[in-house]
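Engineer: need a structure here:
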Amino acid sequence: MSERQLEKPMRIRLSESRREDLVDRLQGFFRGEFDREISEFQSGLLIDFFVKNLGAHVYNQAIQDARGALQEKLDDLEGEFYEPVDE
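Structural biologist: Presented below is the predicted three-dimensional model:
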């Protein structure tokens, strides 16, 4: 791990509109799945908990997945786009 990573861990932040949408969705999930109402405050705390505890893991996995997909395309670049030359 580099010195920079130790000093400044990445902080995942949601926009206010995205957070509000997730709060609403989580409240709807609790109503639908558990037949239970949770407050906006409780829902917000859960969202914050999940972002803090899962956000970096999900983000890092997404980066690895994107890298793998791009690497596959680059590995087959010549086969995909090779144009024969008439001599």
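Engineer: and the strand or helix carrying residue 20, what does it pack onto?
Structural biologist: Remark: residue 20 resides in helix 16-34, with elements defined by DSSP states H and E. Contacts defined by 3 or more Cβ pairs under 8 Å, 6 or more residues apart in numbering; DSSP states H and E place helix 16-34 against helix 40-75. (Each C-beta comes from the backbone N, C-alpha and C, glycine too.)
Engineer: just give me the residue right at the centre of this structure.
Structural biologist: In the chain, the centroid-proximal residue (Cα atoms, centre = their mean) is residue 59; its distance is 4.3 Å.
Engineer: from residue 73, how far out is residue 82?
Structural biologist: 14 Å (Cβ to Cβ, to the nearest Å).
Engineer: same thing with residue 34?
Structural biologist: 43 Å.
Engineer: with residue 51 instead?
Structural biologist: From residue 51 to residue 73 the distance is 31 Å (Cβ to Cβ).
Engineer: repeat for residue 14
Structural biologist: Distance from residue 14 to residue 73, by Cβ to Cβ: 30 Å.
Engineer: okay, the two: which has more neighbours?
Structural biologist: residue 14 (14 against 10; other Cβ atoms under 10 Å).
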